[in-house]
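Trainee: build the 3D model from these lines:
(chains A and B)
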Amino acid sequence: MRIGVTNFPGSNCDRDALYAIELAGAEPVELWHADASLKGVDAVVVPGGFSYGDYLRPGAIARFSKVMGSLEEFAKSGGPILGICNGFQILTEAHLLPGALLRNTSMRFVCTRTPVRFESVDTPWTALYEPGGELTLPVAHNEGNYFAGEKTISSLEDEGRVVLRYLDNPNGSLNDIAGICSEGRNVVGLMPHPERFSEEALGSDKGLKVFESVLQFAGVRV
Amino acid sequence: MKVRVLVRPKSGILDPQGEAVRRALPALGFEGVDSVHIGRLIEMEVESADEVEGMCRRLLANPTVEEYEWEVLS
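Mentor: Residues are numbered from 1 along each chain as shown, chains lettered A, B, ... in the order given. Predicted structure coming up:
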């Protein structure tokens, strides 16, 4: 299985994501922002960082890059896409996921490890986790405060589209939301960084199952 | 022509930046400030104003959380 990782000017977690994909047993493929080709990959990770310096709003400029046009088509055809941190922000700006990520209520950049719970694991990126399972994941963001209108929040909750919830809200997110999925469940956005917990040497390998899940989804035994 | 766009958080949307400034003002001795909201001012030189509305909607503002208004200055 081949998993692409997009690279925008200012992405800084792309290497980590490529590394985690390789550890999980898939072939990592770099996808350049100015290249519309997805190189025939089976899934795509939009990594963290500060694409285009977070100018205007995080994700706002990256959203109009060439690779994003192809990614929108890929999402429509049911392709699995995972946005991590800045990747999550880009996916909301691109309307592949609802809502927006606002400035942390503390007005401070949060860089820590925080406890989270998997609320719904029924996505290509989370299928190997236990529903209700709790773990600690790294977070590092300035705009992680998830916001959406009341109607959107209640449909996310009613349709089981809140994937990950904070147990100790670090940023003011509505309903303690740390991750959500699209209506088709193939597009997932997470503020925490599972790729930073992909092997014991990094402190934990509990995040690796995110990448192993998508392999299982594609029918590859892990 | 010169166009000025004003983008600000929708009312009811938490504005931590404005709130931090509101709290900082009394610390400097400026009393009586009940609320502060911070937005963004964008000025552009454009050939025509026809596309400004689309620019606001698609890029300059995020309509999920922000409202905008614009005017032609000259």
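Trainee: which residues touch whichever helix in chain B runs longest?
Mentor: Secondary structure of chain B read by DSSP state H shows that its longest helix is helix B:16-27. Here helix B:16-27 makes contact (C-beta atoms under 8 Å, 6 or more residues apart in numbering or on different chains) with A:102-107, A:145, A:172, B:9, B:33-38. Yep, even glycine has a C-beta here, placed from its N, CA and C like the rest.
Trainee: between these, which is nearest B:Pro63?
Mentor: B:Pro63 lies nearest to B:Pro9 out of the contacts of helix B:16-27, by C-beta to C-beta, at 11.8 Å.
Trainee: got the buried residues for the helix or strand of chain B with the lowest mean pLDDT?
Mentor: With mean pLDDT, DSSP states H and E as the measure, the helix or strand of chain B carrying the lowest mean pLDDT is helix B:16-27 (a mean of 91). By neighbour count on 16 or more other C-beta atoms under 10 Å in any protein chain shown, the buried set for helix B:16-27 is B:Pro16, B:Gln17, B:Gly18, B:Glu19, B:Ala20, B:Arg22.
Trainee: what about it, distance to the chain center?
Mentor: Put simply, helix B:16-27 sits 17 Å off its chain's centre (C-alpha atoms, centre = their mean, to the nearest Å).
Trainee: that helix: what's the following helix or strand?
Mentor: Reading on from helix B:16-27 to the C-terminus, the next helix or strand found by DSSP states H and E is strand B:40-45.
Trainee: centre of the chain to that next one, how far?
Mentor: Taking C-alpha atoms, centre = their mean, the mean C-alpha location of strand B:40-45 is offset from the chain mean by 10 Å.
Trainee: partner strands of that strand, parallel or antiparallel?
Mentor: strand B:2-9 (antiparallel) (DSSP bridges).
Trainee: let me know the average pLDDT across the partner strand.
Mentor: Strand B:2-9 comes out with an average pLDDT of 96.
Trainee: could you do stretch A:42-51 as well?
Mentor: 97.
Trainee: now the terminal residues of it, how far apart.
Mentor: 23 Å (C-alpha to C-alpha, to the nearest Å).
Trainee: what about it, near chain B?
Mentor: No. Counting by C-beta under 8 Å from any C-beta of the partner chain, chain B is not contacted by stretch A:42-51; separation bottoms out at 14.3 Å.
Trainee: contacts only, for A:Leu202.
Mentor: A:Arg196.
Trainee: can you check B:Glu43 too?
Mentor: B:Lys2, B:Val3, B:Arg4, B:Val5, B:Leu73.
Trainee: chain neighbours aside, what residue packs nearest to the second one?
Mentor: So that's B:Val3. Spatial nearest neighbour of B:Val3, chain neighbours left out: B:Met44 (5.0 Å); criterion: C-beta to C-beta, 6 or more residues apart in numbering or on different chains.
Trainee: in this structure that neighbour contacts B:Val5, no?
Mentor: Yes. The criterion here is C-beta atoms under 8 Å, and B:Met44 meets it with B:Val5 at 7.1 Å.
Trainee: show me where pLDDT drops low in chain A?
Mentor: For chain A, applying pLDDT under 70 flags the ranges A:221-222.
Trainee: hey, where'd the strands end up in it?
Mentor: A:2-7, A:27-32, A:43-46, A:81-84, A:100-102, A:110-118, A:134-141, A:145-147, A:162-166, A:177-181, A:187-190 (DSSP state E).
Trainee: on contacts alone, who are the packing partners of the third one?
Mentor: With contacts defined as 3 or more C-beta pairs under 8 Å, 6 or more residues apart in numbering or on different chains; DSSP states H and E, strand A:43-46 has these neighbours: strand A:2-7, helix A:66-76, strand A:81-84, helix A:86-93.
Trainee: these: which one's closest to chain B?
Mentor: helix A:86-93 (7.0 Å; C-beta to the nearest C-beta).
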